[in-house]
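Peer 1: 3D model of this:
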Amino acid sequence: MLGLSSVQQIKSTALQSATELVMRIPDSILLTVAENLLNQGIAQPEGRRFILKMLKELKSQWYRFHPNVRRKFTNNVFGNLMLFSGEKHKKVAERLGDFPVIMVVSPTMRCNLKCEGCYSANYDREDAISTERFDRLLTECEELGIYFIVVSGGEPFLRRDLLDMFEKHSELEFMVYTNGTIIHNMKLAKKLAELGNVIPCISVEGFKEETDKRRGDGVYDKIDRVMDELREEGVMFGFSATPMRHNNELLVSDEFVDYYIKKGCFIGWYFNYMPVGRDPNLDLMPTPEQRLYRLRRIREIRETKPILASDFWCDGELVGGCLSGARAYFHINASGGVEPCVFHQFSVDNILDKPLIECLDSAYFRHIRKELKSIENPLRPCPIIDHPEILRRAVKTYGSKPSQPGGEKLLDGELAKGLDEYARKLKEIMDPEFAKRAHGYVRSIWEKKSQAN
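Peer 2: Numbers count the residues shown, from 1 in each chain. Predicted structure coming up:
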């Protein structure tokens, strides 16, 4: 009788062979078949288009990636995440009402840079999560069907056991948000290609002037070189950009996107500046008008350029609103605190005290998931800056504590008043935009969701 490892090996081998065949099917046939299947499984039209875009770009760029990268992506994303974890997800959903598929973990808050407006600058710099607890946390994720792990920080590559975790947990796919300097300094590109299950996303602020102004002199040149190194080794990688008031338009310009496509970026993630962490400043946030402009440009970029671009504040239509609080993802900070989101920096539980599943099943997280499902406009999905009353209610009701000094400013005072005004102006802009977009089937999704709540 075949053991579990033998069955897994057979599945993996069959999946690898099937994927190689699929990559040779003409686009017209592959995308038509995929669209028919997605129509049955994904309610949001924007979500279906996003998956089709991913398949199209994977197919066109597949053979520029290292064989290990192709093998791990096939096994971990297509296999473990999308095809083979259904029973695990069903079991988790029976308990939580939802099933998370992504964990964000910040295994260290140490960093070799000091960027203006850093969202995590005030966290304790001591790593409370031991190697053993980090290892067990990743094992818990595998048991719960969470096969996509986003690693943030701090600068993740300052944690010495990180590469060992990538290697030991080879069934997981890791996306790492990094400033890129350690990859360059330690010549890690070749090692990442050999591992195959790591997708670095390099933080940029624009070009040399914008990046060095926020991150420090000489950082841009290192980023530029490390992208060349990753591309030459066949690593799948991307950029991570923080739209702020001064660079919002630049970051979605043809000049910017085309340059990083040329550098080899497969992915482009956009993270709206958030007024948390080091010296929160509402004047750094893009205005509601700028956010609407970025929303429209992100869609144009996806439709016209060979890169998978996404913006977590502008793409609520893709996934049905905010996914934090373990609706689909959550964050573990370096102290073990379990947070709804990397920016929603309040917690009531810690993985040092109890199993992960118990933390995700807390009354605090359940409250947040329920509140998020009540949001009617997915173009205003964020419970921190778009609906700041949601964060305040949750914190007040359950007595959750700020994870870093200064977090309480979101609850009361000038910053809180400023966020209320921002949310009011955003509503004036995004509600008419959604009314124009949300017709037919899209509108029916949100009407049904609203009635259910």
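Peer 1: would you mind giving the domain segments of this protein?
Peer 2: 33-64, 67-434 (the TED database).
Peer 1: low-confidence bits of this structure, can you list those?
Peer 2: Counting by pLDDT under 70, the ranges of the chain that qualify are 1-8, 10-11, 21-22, 28-31, 33-43, 119-125, 127, 438-453.
Peer 1: and Lys168, how far from Asp161?
Peer 2: 9 Å (Cβ to Cβ, to the nearest Å). All C-beta atoms are positioned from the backbone trio N, CA, C, and that covers glycine.
Peer 1: kindly apply the preceding question to Lys409 instead.
Peer 2: Distance from Lys409 to Asp161, by Cβ to Cβ: 34 Å.
Peer 1: repeat that for Glu233.
Peer 2: 22 Å.
Peer 1: which parts of the helix or strand encompassing Ala193 are buried?
Peer 2: Following DSSP states H and E, one finds Ala193 within helix 189-195. In terms of neighbour count (16 or more other Cβ atoms under 10 Å), helix 189-195 has its buried residues at Ala189, Lys191, Leu192, Ala193, Leu195.
Peer 1: for stretch 279-296, same thing?
Peer 2: Counting neighbours by 16+ other Cβ under 10 Å, stretch 279-296 gives Pro280, Leu282, Leu284, Met285, Pro286, Pro288, Gln290, Arg291, Leu292, Tyr293, Arg294, Leu295 as buried.
Peer 1: Val104 is in contact with Leu137, correct?
Peer 2: No - with contact defined as Cβ atoms under 8 Å, Leu137 does not count as touching Val104 (11.9 Å).
Peer 1: any shared contact partners between those two?
Peer 2: Ile332 (Cβ atoms under 8 Å, 6 or more residues apart in numbering).
Peer 1: measure Leu138 to Phe166 for me?
Peer 2: Using Cβ to Cβ, Leu138 is found at 10 Å from Phe166.
Peer 1: same check on Tyr63?
Peer 2: Tyr63 is 23 Å from Phe166, by Cβ to Cβ.
Peer 1: which of those two has more residues huddled nearby?
Peer 2: Phe166 (22 against 10; other Cβ atoms under 10 Å).
Peer 1: in this structure Thr74 contacts Gln16, no?
Peer 2: Yes - applying Cβ under 8 Å, one finds Thr74 in contact with Gln16, separated by 5.6 Å.
Peer 1: please say which of those two ends up with more neighbours.
Peer 2: More crowded of Thr74 and Gln16, by other Cβ under 10 Å: Thr74, with 22 against 16.
Peer 1: for the more buried one, give me its contacts.
Peer 2: Contacts of Thr74 by Cβ under 8 Å, 6+ apart are Leu15, Gln16, Thr19.
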